[in-house]
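> 3D, please:
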Amino acid sequence: MATIAALAGRILLGALFVFAGLGKVMDPAGTAAYMEAESPFPGSFALAVGVFEIVAGLVLASGFMTRIASLALVGFTALATLFFHEKVTDPTQAAMALKNLAIIGGLLMVFAYGQLRGRIGEVDERAKRLDAEVKAAHAEGKAEGLAAAPTTPPASTD
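Numbering: from 1, shown residues only. Alright, predicted model coming up:
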């Protein structure tokens, strides 16, 4: 169950960045105007930011290099929070900053637990060890049963 939850969480986090990036790529002029008005960054970064979000989100969702992708997205999200949602006295900006903190928390969980493929391998290994222990216990029980059985044949009634 934990494996399914980790997979779904990683895909949903990746989807958030893919859709945000698509919005920026689809309207680079609007994104550029927003960036120039709200931050010290030039509007010429708008398209690059959108492409970064799409690529990093897809990499995260795919499960390939999840730790690198999650760290890159943690840095990106932290910078976005500092430069675009710093007015925490505004309720909307405070909500956006808290949302970004929650996203950073989720990304740090992805970083901590890494790629799902390794986790599945651990589960498979655990199942194989358990099967081997059960087989060994059965074999031991059979051996004890044979040892406890009488070794002399029953007396004949001739």
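> can you tell me the helix or strand for the closest residue to residue 55 other than its chain neighbours?
Leaving aside its chain neighbours, residue 55 sits nearest to residue 21 (7.9 Å; criterion: C-beta to C-beta, 6 or more residues apart in numbering). C-beta here means a position set from N, CA and C on the backbone, and glycine is covered the same way. Assigned by DSSP states H and E, residue 21 belongs to helix 2-26.
> pLDDT of that helix, averaged?
Averaged over helix 2-26, pLDDT sits at 92.
> Alpha carbons only: can I get the next helix or strand after that helix in CSV?
Going down the chain from helix 2-26, the next helix or strand is helix 28-38, by DSSP H and E. What follows is helix 28-38, C-alpha atoms only, in CSV (Å, rounded to 0.1, in the frame of the first residue of the first chain):
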residue,chain,number,x,y,z
PRO,A,28,5.2,33.5,-22.2
ALA,A,29,4.3,37.2,-22.6
GLY,A,30,1.9,37.1,-19.6
THR,A,31,4.4,35.2,-17.6
ALA,A,32,7.1,37.6,-18.5
ALA,A,33,5.0,40.6,-17.5
TYR,A,34,4.2,39.0,-14.2
MET,A,35,7.8,38.1,-13.5
GLU,A,36,8.9,41.7,-14.2
ALA,A,37,6.2,43.2,-12.1
GLU,A,38,6.6,40.9,-9.1
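> Which stretches in this structure count as helices?
2-26, 28-38, 46-62, 66-84, 91-113, 116-148 (DSSP state H).
> Contacts made by the second one with the rest, please.
When contacts are taken as C-beta atoms under 8 Å, 6 or more residues apart in numbering, the neighbours of helix 28-38 outside the stretch itself are 23-24, 41-47, 49-50, 83-84.
> Just the buried ones from the residues you listed?
24, 43, 45, 46, 49, 50, 84 (16 or more other C-beta atoms under 10 Å).
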